[in-house]
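Participant: Just a sequence and a predicted model for now, questions to come.
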Amino acid sequence: MVRLARLSGGGTILHSVYSGSGDHDGRADDSGGEPARAAAPRPESVNGAARVAYVDARALVGCRHRLHLDATHPERLSGVSEDAGVKQRREAAAAHRTKVRDTLVAADPQHWVVIDPDQPASARAEATLRACVEGVQRIWGAVLPQEADTGRRGGCEILLRDPDRGGYIPIIVVNHKVTDPRQPDPADFHPTTSDLFHWDPRPDRHVRIRTQPRDQQRLAHLYRMLQRHGLAGPALVGGAIGYHFDRILVHDLAPVLDEYDRRYADRIAVVRGELPTVPSKVPECRQCPWWSRAPQSGDGTEPSAPSCEGWLAAHRDISLVAPGSRAELLRRHGVQTIDDLAEWTGEEPEDWQYEPFGETVVTARAWISGAPLVRRVEQVRVQRADVEVDVDLESYQEHGAYLWGTLLDGVYRPFLTWDPLPTSDEARSFAEFWTWLMRIRAEATAAGRTFAAYCYSRTAEDKWLYESARRFAGMPDVPTEAEVRAFVDGPEWVDMFQAVSEQFICPNGKGLKKIAPVAGFGWRDPEAGGEASMSWYRLAVGYDAAPDMSQRTRLLEYNEDDVRATQVLREWMSPLVPGPHSADAEVPAMTEFREPNPVRRNICT
Ligand code: SF4
């Protein structure tokens, strides 16, 4: 069927079926980082009898236990509201795909077929195969038929007919960076990229690859699905269009397929209940509903197992103090529990590649004793100054930094714009912040006084200082990149995260929300957090409705509390007048954890 459809860019194009944002069932990246839950396998009946499970490429990454729980207890996820940060990233990814689609299709509409996203998956798969058989050059929103025997399902934003070797090349559109710019140089290896509008893969001296294994796994998944229908191109390549939408990064899939096949066999076996899984703490746990949610028995009345948090605590699992790959390594050495690690007395494992192993052992001992921090140093110190400013910024996705909050002599001063990002008014607020900060510094210097500005984890602040200088270059009072560099590379810019990391072992994490309470600080808003602030911002500026003034207040209080938390923390770590309420006095030293089972003091006691 051929019909006209309207694209979001406003134009109309001729195509057989219209697409929105591509494949809803087979995107590894569309969720913007949410791995397993969005990949929930869907048991379906075959001929009304046997039930089979399907998984898409998202099942290839992330927590295996989550995959198992999503498959076996989907009813426990009904009513679970999507994590705000995940939702934001998913929406941003959808907008990105729409922009890519509109731009590419509008440039050459007669060579595109856009699959209608509003049709059922089976109809989209039929339309995709039909377009392939007809030899269509470019297909947007492709869906491949789900495979009852293998369990594969999936699709990709673009199927591109290989003009030279035949077959179709899968190209995914993702909302993360797939390359970084670099100065052209005579390196041994140059990634292969292609022009967006004309398939022309060739070595690219201007970029380096950002390694994204999930993209490669997804492309391998699509390659296998194309292969089943005799549609896979002999070139054995796939492509990725990333956040910058400036080129297609070409992936060679030959070296990826073996690992993909192994991984897929494991994951589908987990979904089918053929392989057991147990929890193990990984970064993904922070946004996973199963962390605090228990699976239920068949009749739904009793928890059939504890939540992951409960299970890990009950088992005193090693991953609680050595998460992720550390736990896997330690288990290979026979360390299953925190107690096993706390009793470790020999040499460190020969394949340990993380922080000093002795610190990991101390972390285990601190966890057992309940100490929230352990001092690495004899005396905790933070650079202090006569004039001290605490700084914290709030940004919204990659759109910009809308709020620079400062604290000086107990007075909170926000520099902000409530024009919805992106907005040129951000240049005004950034320039006012920078001008004010530099004035305070200059006045201190003129008066013969020392100056320091503090942030917690400079990665974000530095990034937005540089990006703001770059984006708003030449506008009134906006500093140059060189001026920003001179300041952030200088001695007056102090990163409290670095001070904490260097001087403490933190069994419960190093985030400001974990550390500042140990120093005695509490946030006014119990929901305060970076992810939550994204939702508040949308409401505050009125992206979806009239601006909600209460959310503006909430954001300002959240930002003010963050700078006050930084101040409380640094004064506790390095008080001008020594006293009993200080890190030196309250935090036990590493030496107190040298032995597996000494009696220790801690802040709680
Ligand atoms: S809470 Fe962590 S261990 Fe449990 S299912 Fe989720 S990601 Fe996996």
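Facilitator: Arrived safely, thanks for sending. Predicted model only: the values in this text are computed from it and were never measured. Numbers count the residues shown, from 1 in each chain.
Participant: contact partners of stretch 358-376?
Facilitator: Applying C-beta atoms under 8 Å, 6 or more residues apart in numbering, the contact partners of stretch 358-376 are 318, 320-322, 326, 338-339, 341-342, 344, 348, 354, 502-508, 514-515, 518, 583-584, 587-590, 592-593, 596, 600, 602-605. For the C-beta atoms, the positions are set from N, CA and C on the backbone; glycine is no exception.
Participant: Give me the subset of these lying in strands.
Facilitator: The strands, defined by DSSP state E, take in F504, I505 from the contacts of stretch 358-376.
Participant: Tell me who's in contact with whichever residue of the stretch 301-450 of the chain sits closest to the ligand.
Facilitator: Here the stretch 301-450 of the chain gets closest to the ligand at one residue, C308, 3.2 Å apart by C-beta to the nearest ligand atom. Neighbour list for C308: H65, P279, K281, C285, C288, W290, W291, S292 [criterion: C-beta under 8 Å, 6+ apart].
Participant: now the fourth one, nearest residue through space, not along the chain?
Facilitator: Counting by C-beta to C-beta, 6 or more residues apart in numbering, C285 lies nearest to W291, which is 5.1 Å off, once chain neighbours are set aside.
Participant: does whichever residue of the stretch 101-250 of the chain sits closest to the ligand sit in a helix or strand, and which one?
Facilitator: Closest approach of the stretch 101-250 of the chain to the ligand (C-beta to the nearest ligand atom) occurs at R214, with a separation of 15.5 Å. For R214, the element it lies in under DSSP states H and E is helix 213-228.
Participant: ok so, going back, could I get the contacts of C308 as CSV with pLDDT?
Facilitator: Shown next, in CSV, are the contacts of C308 (pLDDT from 0 to 100):
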residue, pLDDT
H65, 95
P279, 96
K281, 96
C285, 92
C288, 90
W290, 93
W291, 92
S292, 88
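Participant: Of the residues you listed, which is the nearest to S194?
Facilitator: Closest to S194 out of the contacts of C308 is C288 (36.8 Å), distances taken as C-beta to C-beta.
Participant: Check the burial of S582 by counting its neighbours.
Facilitator: Other residues near S582 come to 17 when the count uses other C-beta atoms under 10 Å.
Participant: Just want to check the distance between it and M573.
Facilitator: To M573, S582 is 8 Å away according to C-beta to C-beta, to the nearest Å.
Participant: Likewise for D544?
Facilitator: Plainly put, D544 is 42 Å away from M573 if you go by C-beta to C-beta.
Participant: Could you do W140 as well?
Facilitator: 55 Å.
Participant: Who has more neighbours out of the two?
Facilitator: W140 (29 against 22).
Participant: for that one, phi and psi?
Facilitator: The phi/psi pair for W140 (degrees, to the nearest 10) reads phi -100, psi 140.
Participant: surely it meets I158?
Facilitator: Yes - W140 is in contact with I158 according to C-beta atoms under 8 Å; the separation is 6.1 Å.
Participant: okay, and the common contacts of those two?
Facilitator: In contact with both W140 and I158: L104, using C-beta under 8 Å, 6+ apart.
Participant: Just send the contacts of C308 back as a markdown table, with neighbour count and secondary structure too.
Facilitator: Listed next are those as a markdown table, based on neighbours: other C-beta atoms under 10 Å; DSSP: H, G, I helix; E, B strand; the rest coil:
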| residue | neighbour count | secondary structure |
| --- | --- | --- |
| H65 | 21 | helix |
| P279 | 25 | coil |
| K281 | 22 | coil |
| C285 | 21 | helix |
| C288 | 26 | coil |
| W290 | 27 | helix |
| W291 | 17 | helix |
| S292 | 11 | coil |
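Participant: ok, those residues vs Y54, which is closest?
Facilitator: Comparing those against Y54 with C-beta to C-beta picks out H65 as the nearest, at 19.2 Å.
Participant: Quick one, which of the contacts of stretch 358-376 are buried?
Facilitator: Neighbour counting with 16 or more other C-beta atoms under 10 Å marks 318, 320-322, 326, 338-339, 341-342, 344, 503-508, 515, 518, 583-584, 587-588, 590, 592-593, 600, 602-603 as buried within the contacts of stretch 358-376.
Participant: The residues you listed in helices, which ones?
Facilitator: Among these, DSSP state H puts R326, I338, D339, L341, A342, Q503, I515, A583, D584 in helices.
Participant: Excluding residues flanking it in the chain, which one is nearest the first one?
Facilitator: Distances taken as C-beta to C-beta, 6+ apart put Y354 closest to R326, at 5.8 Å, once the chain neighbours are dropped.
Participant: and the gap between that neighbour and E328?
Facilitator: According to C-beta to C-beta, Y354 stands 12 Å off from E328.
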